[in-house]
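1. Give me a model of this one.
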Amino acid sequence: MTDIVERLRKRAITWLSFGWGNNDIYDEAADEIERLRKTNIMQARWLYEAQQENKLFKDQVRQWLDIGKPAAMEGE
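-> The predicted structure follows:
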């Protein structure tokens, strides 16, 4: 299947080559889709990094809790 951005760009070229008028809307749509894709990739990267940081934090907290367990059990 052809990518939507490629299809919009081809449509813009076809529209212009046949002299059917203004093709700006196709170029604008393709540009906007590309911008949104870049934003989506950036947000996915941020989310992944946040999830990794959260996992490390949770692992560290588990380690701290495990270290404290024997001492707490001895005092009971």
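2. what's stretch 43-56 in contact with?
-> Around stretch 43-56, nothing counts as a contact under Cβ atoms under 8 Å, 6 or more residues apart in numbering. The C-beta positions use only the backbone N, C-alpha and C, and glycine is treated the same way.
3. Just to confirm, what confidence does the model report for residue 17?
-> The model reports residue 17 with a pLDDT of 64.
4. pull the helix or strand with minimum mean pLDDT from the chain.
-> Counting by mean pLDDT, DSSP states H and E, the chain has its least confident helix or strand at helix 4-17, which shows a mean of 80.
5. Next, the angle helix 4-17 makes with the longest helix anywhere in the chain.
-> Determined from DSSP state H, the single longest helix within the chain is helix 24-75. Between the axis of helix 24-75 and that of helix 4-17 there is an angle of 170 degrees, by axes from the mean of the first three to the mean of the last three Cα atoms, to 10 degrees.
6. quick one on the thing from earlier: and the least confident helix or strand of the chain, what's buried?
-> Buried residues in helix 4-17, counted by 16 or more other Cβ atoms under 10 Å: 8, 9, 11, 12, 15.
7. CSV for those, including distance to residue 43?
-> Formatted as CSV, the buried residues of helix 4-17 follow (distance: Cβ to Cβ, whole Å):
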residue, distance to residue 43
8, 23
9, 25
11, 28
12, 28
15, 32
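8. quick one: low-confidence parts of the protein?
-> 1-2, 15-22, 68-76 (pLDDT under 70).
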